[in-house]
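Asker: Need coordinates for the below:
(one chain, ligands or ions: 3)
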Amino acid sequence: MVYTPAALIPEDFDPLQGLAELAATSITTGPPLPDADAIGLFVFVGGPVPGETGFDWAALQGLGFAGKPGETLVVPQAKGATHVFVGMGDAAEVTTARVRDAAAALVRATAKWNQLSLISGAIGLDASAVGQALAEGALLANYRYTALKSDSKHVPLTALSVEVDDADQGDIEAGIVAGTVTARATVVARDLMNTPAAYLTATALGLAAERLGDEYGFEVEVFDKAALIELGTGAILGVNRGSAEEPRLIKLHYTPAADLPAVAGHLGFVGKGIIYDSGGISLKPSTPMHALMKMDMGGAAAVLGAFTGFRDSAVPVEVSGWLSVTDNLPSGSALTLGDVLTVRGGTTVEVKNTDAEGRLVMADAIVLANEDEVDAIIDIATLTGAAMAALGTSTAAVIGNDQRMVDLAIAAADATDEPLWQLPLERKYRPQLDSEIADISNMGGPYAGATIAALFLDHFVDGTPWAHLDIAGTMNAEKDDSWRTTGATGFGARLLLEAAANFTKE
Ligand code: BES
Ligand code: MN
Ligand code: MN
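Answerer: Ligands and ions are numbered 1, 2, ... in the order given. Predicted structure coming up:
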């Protein structure tokens, strides 16, 4: 019998277990649930504090509660549900991000319970935005990756009720529905990123995409190795050379429903889908960062997550997605330094470092997006350690050839609290990518690594309006932080969904 890594993995292993847990959580409006374990109470600095708690602002202060954003004070009751005061900061400074954080803080403070209620009080923001932020904060803070634990201690949230003003109830409920869709996009991305490489091969990711397409209303076309040879995607095939697993190119397509007031335009998303990045022959050191490289398909995961939300968010434009999926491994057949690959369309690339594989596989996908004549491209990739060095783990880099597309991405990032910071597409550095023997090389000098990688992609984008998101720094959370649960963040899934909802051609 020939052993393969898959041999001991259950055939019915589900890489998307978070979806079932999400579907089992019900968020409703109304008075506190009769058997709620805890009741959350949002409190701004200076109050008001609901009278039935027996506390006023001075009493809370006396207990050391300052009402800071995300601060919680847990007060067990002699009888009935525990009260949890949740700080909201100054009322004048409230934002939807604060509401999302407050819902997450409540869920984290009550992690051992599964039935929660919330009395939010007046917040002073658009009610549907509040409902959406509440659902996102609660559902994303409740997320855990438990698929491979024999005995998980996680207590999934099953019910959350939210007491609101009668006048706001309809809007809050619509917001909760919207927030469940957007949270789902992030959960899909997190699950796919957290799943180890042997459990989520390129082949398995193709199957997962097909399943998600059936369920959430988009078309999926999967190109296997033979089809990629046919297509001439020499960069994906080159990076795949060292692997025992086949590569995949996954094409996604969403068309707005006929009864939607459609907006003219066709947006293209391109995602980096490196199942595992060892660096290839340019092998990475065995640092903790290397162990995170199962998440090097975070760009592809974010695109796929966003697609699960288009139909249910009534996104009015046509969107296509291209995911380049393979692992990057060393072996006797692996890509070598100095080799030259031919990207689809004919551009030759000298490989000066096999660890700069992301830009290679993205090139084939960008060429395909241009062949479909999309009006604009947003690509997303865990592309460079340099983006991480520059901006850290909270903010991702955005670089583009078109300020309107960069601004669309930044506006979406502001709405979803997935922060972006623009770095320049400094064309003065472009000669660093010149090659003596091929059209372009995949390595530049030692500085401005995120910009150099973007300049490589820019060569293939070829003038199409474009924004590039480098999410290397933000793909992983080292510890629980508000709605970001330890592990894969799913960064970008909600951002891309929001950007698609707001995209216009001109
Ligand atoms: N996947 C990595 C980038 C990365 C680094 C993601 C840290 C997440 C955390 C990428 O493929 C890579 O190896 N980039 C190299 C490029 C270099 C060889 C030009 C890098 O950034 O060091
Ligand atoms: Mn690499
Ligand atoms: Mn990589």
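Asker: domains in the protein, as residue ranges please.
Answerer: Domains of the chain are assigned by automatic domain parsing as 11-185, 196-502.
Asker: measure the longest one end to end?
Answerer: In other words, domain 196-502. Taking C-alpha to C-alpha, to the nearest Å, domain 196-502 runs 34 Å from one end to the other.
Asker: repeat for the shortest one
Answerer: In domain 11-185, first residue to last residue: 25 Å (C-alpha to C-alpha).
Asker: Stretch 9-18 too?
Answerer: OK, stretch 9-18 end separation, C-alpha to C-alpha: 19 Å.
Asker: Could you point out which of the domains of the chain sits nearest ligand 1?
Answerer: Closest approach to ligand 1 among the domains of the chain (C-beta to the nearest ligand atom): domain 196-502, 3.4 Å. Yep, even glycine has a C-beta here, placed from its N, CA and C like the rest.
Asker: when you scan the closest one, is anything in it near ligand 1?
Answerer: Yes. Against ligand 1, domain 196-502 shows contacts by C-beta under 6 Å from any ligand atom at 277, 289, 296, 353, 355-358, 382-386, 388, 443, 449, 472, 475.
Asker: Residue 464 should be in a helix, yeah?
Answerer: No. Using DSSP: H, G, I helix; E, B strand; the rest coil, the assignment for residue 464 is coil, not a helix.
Asker: what sits against the closest residue to it other than its chain neighbours?
Answerer: Leaving out its chain neighbours, the residue that sits closest to residue 464 by C-beta to C-beta, 6 or more residues apart in numbering is residue 377, at 5.4 Å. By C-beta atoms under 8 Å, 6 or more residues apart in numbering, the contact list for residue 377 reads 267-270, 366, 369-370, 405, 461, 464-467.
Asker: Need the three-state assignment for residue 377.
Answerer: Under three-state DSSP, the three-state class of residue 377 is strand.
Asker: Next one, pLDDT for it please.
Answerer: On pLDDT, residue 377 comes in at 99.
Asker: Let's verify the closest residue to ligand 2 within the stretch 351-500 of the chain: helix, strand, or coil?
Answerer: Relative to ligand 2, the nearest point of the stretch 351-500 of the chain is residue 355 (3.8 Å; C-beta to the ion). State at residue 355, reduced to three classes by three-state DSSP: coil.
Asker: Same check on residue 270?
Answerer: strand.
Asker: residues in contact with it?
Answerer: Applying C-beta under 8 Å, 6+ apart, we find residue 270 in contact with 299, 303, 321-324, 362, 365-366, 369, 377-380.
Asker: The residues you listed in strands, which ones?
Answerer: Among these, the members found in strands (DSSP state E) are 321-324, 377-380.
Asker: So which residues of the stretch 401-506 of the chain form strands?
Answerer: For the stretch 401-506 of the chain, the strands defined by DSSP state E, counting those that start in this stretch occupy 420-422, 440-441, 466-470, 476-477, 487-488.
Asker: how many neighbours does the residue of the stretch 351-500 of the chain closest to ligand 2 have?
Answerer: Neighbour count of residue 355, defined by other C-beta atoms under 10 Å: 17.
Asker: Could you dump the domains of the chain into JSON lines and include distance to residue 4?
Answerer: Output for the domains of the chain, formatted as JSON lines (distance: least, C-beta to C-beta, whole Å):
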{"stretch": "domain 11-185", "distance to residue 4": "12"}
{"stretch": "domain 196-502", "distance to residue 4": "8"}
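Asker: ok, and which of these has the densest surroundings?
Answerer: Mean neighbours per residue, mean count of other C-beta atoms under 10 Å, is largest over those for domain 196-502, with a mean of 21.
Asker: Report the separation between the closest residue to residue 356 other than its chain neighbours and residue 295.
Answerer: Once flanking residues are discounted, residue 356 sits nearest to residue 442: 4.6 Å by C-beta to C-beta, 6+ apart. Note on residue 442: its distance to residue 295, by C-beta to C-beta, to the nearest Å, is 21 Å.
Asker: how would you label the residue nearest to residue 425 when sequence neighbours are not counted: helix, strand or coil?
Answerer: Nearest non-adjacent residue to residue 425, counting by C-beta to C-beta, 6+ apart: residue 399, 5.3 Å away. With three-state DSSP as the basis, residue 399 sits in strand.
Asker: Isn't residue 399 up against residue 456?
Answerer: No. If you go by C-beta atoms under 8 Å, residue 399 and residue 456 don't touch, sitting 11.3 Å apart.
Asker: who does the helix or strand hosting residue 390 touch, helix- and strand-wise?
Answerer: Residue 390 belongs to helix 385-391 when assigned by DSSP states H and E. Helix 385-391 sits against strand 396-400, helix 449-461, with contacts defined as 3 or more C-beta pairs under 8 Å, 6 or more residues apart in numbering; DSSP states H and E.
Asker: Can you show me the CA trace of it as PDB?
Answerer: What follows is helix 385-391 as a C-alpha-only set of coordinates in PDB (Å, rounded to 0.1, in the frame of the first residue of the first chain):
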ATOM      1  CA  GLY A 385       7.400  40.100   4.800                       C
ATOM      2  CA  ALA A 386       8.200  43.700   3.900                       C
ATOM      3  CA  ALA A 387       4.600  44.700   4.200                       C
ATOM      4  CA  MET A 388       4.500  43.100   7.700                       C
ATOM      5  CA  ALA A 389       7.800  44.800   8.700                       C
ATOM      6  CA  ALA A 390       6.400  48.200   7.500                       C
ATOM      7  CA  LEU A 391       2.900  48.100   8.900                       C
END
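Asker: and that helix, how far out from the chain's middle?
Answerer: Its chain's C-alpha centre lies 18 Å from the corresponding centre of helix 385-391 when counted by C-alpha atoms, centre = their mean, to the nearest Å.
Asker: Please enumerate residues in contact with it?
Answerer: For helix 385-391, with C-beta under 8 Å, 6+ apart as the criterion, the contacting residues are 289, 396-397, 421, 423, 448-450, 452-453, 470-473.
Asker: can you tell me the residue of the stretch 51-200 of the chain closest to ligand 3?
Answerer: In the stretch 51-200 of the chain, the residue found nearest to ligand 3 is residue 197; the distance is 12.5 Å by C-beta to the ion.
Asker: contacting residues for that residue?
Answerer: 275-276, 294, 327.
Asker: Need the pLDDT of it.
Answerer: 97.
Asker: Give me the below-cutoff pLDDT ranges for the stretch 1-150 of the chain.
Answerer: Across the stretch 1-150 of the chain, nothing is flagged by pLDDT under 70.
Asker: just the strands in it please.
Answerer: 26-29, 38-43, 72-75, 82-87, 115-119.
Asker: any chance of these in CSV, plus distance to residue 54?
Answerer: Formatted as CSV, the strands of the stretch 1-150 of the chain follow (distance: least, C-beta to C-beta, whole Å):
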stretch, distance to residue 54
strand 26-29, 25
strand 38-43, 11
strand 72-75, 9
strand 82-87, 9
strand 115-119, 14
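Asker: Out of those, which gets nearest to residue 226?
Answerer: Taking C-beta to C-beta, strand 26-29 is the member of these nearest to residue 226, at 45.7 Å.
Asker: helices and strands around that closest one, which ones?
Answerer: helix 127-142, strand 159-163, helix 169-194.
Asker: hmm, try it at 7 Å
Answerer: Identification of packing neighbours for strand 26-29 by 3 or more C-beta pairs under 7 Å, 6 or more residues apart in numbering; DSSP states H and E yields strand 159-163, helix 169-194.
Asker: wait, which of the contacts of residue 377 is closest to residue 210?
Answerer: Distances from residue 210 to the contacts of residue 377, taken by C-beta to C-beta, are shortest for residue 269, at 17.4 Å.
Asker: which residues does the closest one bridge with?
Answerer: In this entry, residue 269 is beta-bridged to residue 321, residue 378, by DSSP bridges.
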